[in-house]
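[1] sequence plus predicted model, see below.
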Amino acid sequence: MRTIRIHLAAVFGLALTPALASAQDTAVAPEAAEPATATETATVPTAEPAVAEAAPPPPTAAVAAPAVPEDTGAGSTEVASGEAPSAIINVDVEGASAYVWRGVNLFGENQNSQAFSVFPSLTATFGGLSIGYWGAFQMTGDNKGDLVDLGVGAEQDFILKYSGSFAEGLGYTAMLTYWIYPFADEEAAGTSTPMYIEPLVGLTYATALDLGLNVSYYRGLQDATEVGSFVYINPSVGKTLPLSGDISLGLGLSAGYKAYTDLPDGADPDRAFDVTLNAGVTLPFSDMYITPQLHAAFVTRNDAAAPNDEAFIAWAGVHVGYNIGL
């Protein structure tokens, strides 16, 4: 779920997908409805869940990207290849010092703490259509068992996405993400298997900068999870800068607003607005790539007494992936 998975433009995550294209969101996340922990109030959701033309010489083309939920902050990854096959399988693993989704540190004991996590993904792309799996697994931290029980840890995401274009430079995306937490404890999470679904539509426009806008509805599918439901509005801007050869630097900035739809009467929405900054360098090796990334995120708090370290986090990660043409 939930909370900020590489063509450097991918650094922005799918939430940044349009901007860098994604940064997220990978990432970080499966949200905005942050998974509730034992210390969180009713204002925080019980669980967060949670992209060739021919000419001599042939141009390089981005041929595959791992599917990641909007927005994990992990960033999607596009890798250069001499020519683009009609079908591609992408295998990607990211290791990161935190899992941040839409501004919220999901695995940390507090907002600015680090918890090493691993995010595997498998994506099949057929032209504009992609089908993918993405997971989030916390490896360190004394709270990891509790988060699994609460329906925050051991996240499993299944993603169906279609991308196309209206005109030169103007693109669109339709995506459906399904979150499931199969190892949750019913007593702790309020349901034996917390589940969420999120339909999303997005527009991208490539100009001097890559502009994007995603609008989605993150919805809990059970009584225990629907409190975390919200509409998410996510504008983004990004730029990919060539460095040397096929090496490039991706920069991205995205913002997000969570309009909660099912909070209890009288509850104030917490962490409703977030801003995420992503940067990463993609190092391609034929069909393999390595992408180190740096991220920072800020999220608003509805508690004026909350310390600054409960609003900001910076973290780092690295993607290693491989594309298989079919």
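    Yep, it's here.

[2] C-alpha from now on. contacts and neighbour counts both.
    Fine.

[3] the top helix by length along the chain: which residues count as buried?
    Under DSSP state H, the helix in the chain containing the largest number of residues is helix 144-150. Buried residues in helix 144-150, counted by 16 or more other C-alpha atoms under 10 Å: Lys144, Asp146, Leu147, Val148, Asp149, Leu150.

[4] which residues sit in contact with Asn112?
    Asn105, Asp309, Glu310, Ala311, Phe312, Ile313, Ala314 (C-alpha atoms under 8 Å, 6 or more residues apart in numbering).

[5] by neighbour count, which of these wins?
    For those, the largest number of neighbours (other C-alpha atoms under 10 Å) sits with Asn105, at 32 neighbours.

[6] about what we covered before: which neighbouring elements make contact with the longest helix of the chain?
    helix 186-189 (3 or more C-alpha pairs under 8 Å, 6 or more residues apart in numbering; DSSP states H and E).

[7] and the helix it packs on, C-alpha only, in CSV?
    Output in CSV follows, covering the C-alpha atoms of helix 186-189 (Å, rounded to 0.1, in the frame of the first residue of the first chain):
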residue,chain,number,x,y,z
GLU,A,186,-7.6,-10.5,11.7
GLU,A,187,-7.7,-9.3,15.3
ALA,A,188,-5.0,-6.6,14.7
ALA,A,189,-6.1,-5.5,11.2
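
[8] for the buried residues of helix 144-150, which one is nearest Ser86?
    Closest approach between the buried residues of helix 144-150 and Ser86, by C-alpha to C-alpha: Val148, at 38.6 Å.

[9] pretty sure that closest one is touching Ala184, no?
    Yes - at 5.5 Å, Val148 counts as touching Ala184 under the criterion of C-alpha atoms under 8 Å.

[10] any shared contact partners between those two?
    Taking C-alpha under 8 Å, 6+ apart as the criterion, Val148 and Ala184 do not both touch any residue.

[11] picking that back up, quick one: least confident of the contacts of Asn112?
    Within the set of the contacts of Asn112, pLDDT is lowest for Asp309 (59).

[12] which stretches in the stretch 151-300 of the chain count as strands?
    Assigned by DSSP state E, counting those that start in this stretch, the strands in the stretch 151-300 of the chain fall at 155-167, 170-180, 195-206, 210-220, 230-244, 247-260, 273-285, 288-299.
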